[in-house]
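1. how would this look folded up:
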Amino acid sequence: MVAIPASELVAQIMRETADEVIMPRYKALGEGDIREKTGPKDLVTIADLESERRMTPLLQDLLPGSMVIGEEATSDDPEIFRLLDGDGPVWIVDPVDGTSNFAKGGRHFCVMVGLLVGGEAVLGVILDPLGECWISAERGGGAWRQSYDGGGRNGYRFSRRRRSTRCAAR
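-> Numbering: from 1, shown residues only. Down below sits the predicted model:
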């Protein structure tokens with residue numbers, strides 16, 4: 001049995017990473033800080049690379065024996081996806097989801113981390129650095145929105161019948 005870390009601890013790693021690595025580069029990327037991966041609509045920035053590098057060992061320390069599949073690492077080595085074949089805990093990391101928006105100085109980007117155990121999703125956290133909040137979902141525990149200041153913890157109920165087009169209300 002794997003002890004699932006508290007979503008607050010995962011969010012703390014994500015928030016510290018956003019504060020130290022991502023936000024200092026928001027609307028401040030230089031020409032050499034952005035490159036194409038597979039084409040002009042598939043970008044990677046220095047913020048993506050450095051934030052994934054920072055979060056990887058911190059997540060592994062949070063859950064000893066866990067592995068990490070990061071979006072940017074898999075671009076360089078697709079064999080990393082084989083980690084999904086095992087039964088152990090695997091973190092899935094998208095260090096800057098919405099990289100194109102981030103690179104243009106747009107508002108719609110976030111940091112995403114999920115945890116799979118035995119191939120099943122057990123925890124997911126989405127951090128909105130500009131909105132200063134995060135949403136977490138735990139298998140069997142519902143989904144919650146939390147502000148950085150600790151207030152505003154709101155629960156969400158999702159229906160299997162209706163598809164939601166909004167992640168969170170501000």
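
2. count the neighbours of the closest residue to Asp87 other than its chain neighbours for me.
-> Closest residue to Asp87 in three dimensions, ignoring its sequence neighbours and counting by CB to CB, 6 or more residues apart in numbering: Gly118, at 4.8 Å. Every C-beta, even on glycine, is put in place using the N, C-alpha and C of the backbone. As a burial measure, the neighbour count of Gly118 was computed by other CB atoms under 10 Å and equals 11.

3. what about Ile4, which SS state?
-> Put simply, Ile4 is coil when judged by DSSP: H, G, I helix; E, B strand; the rest coil.

4. and if you look at Gly124?
-> Gly124 ends up strand, using three-state DSSP.

5. bridging residues for it?
-> Gly114, Ala137 (DSSP bridges).

6. roughly how far does it sit from Tyr148?
-> In this structure, Gly124 and Tyr148 are separated by 18 Å, where distance is defined by CB to CB, to the nearest Å.

7. the more surrounded of those two?
-> Taking Gly124 and Tyr148 together and counting by other CB under 10 Å, Gly124 has the greater number of neighbours (19 against 16).

8. which strand or helix spans the residue positioned nearest the centre of the chain?
-> Closest residue to the average C-alpha location of the chain: Met112 at 1.6 Å, with CA atoms, centre = their mean. Using DSSP states H and E, Met112 sits within strand 110-117.

9. could you dump that strand to PDB, C-alpha only?
-> What follows is the C-alpha trace of strand 110-117 in PDB, where atoms were taken according to Å, rounded to 0.1, in the frame of the first residue of the first chain:
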ATOM      1  CA  CYS A 110      -0.900  26.500 -15.100                       C
ATOM      2  CA  VAL A 111       1.300  23.900 -13.500                       C
ATOM      3  CA  MET A 112       0.000  20.300 -13.500                       C
ATOM      4  CA  VAL A 113       1.000  17.300 -11.400                       C
ATOM      5  CA  GLY A 114      -0.700  13.900 -11.200                       C
ATOM      6  CA  LEU A 115       0.100  10.800  -9.400                       C
ATOM      7  CA  LEU A 116      -0.600   7.300 -10.600                       C
ATOM      8  CA  VAL A 117      -0.200   4.100  -8.600                       C
END
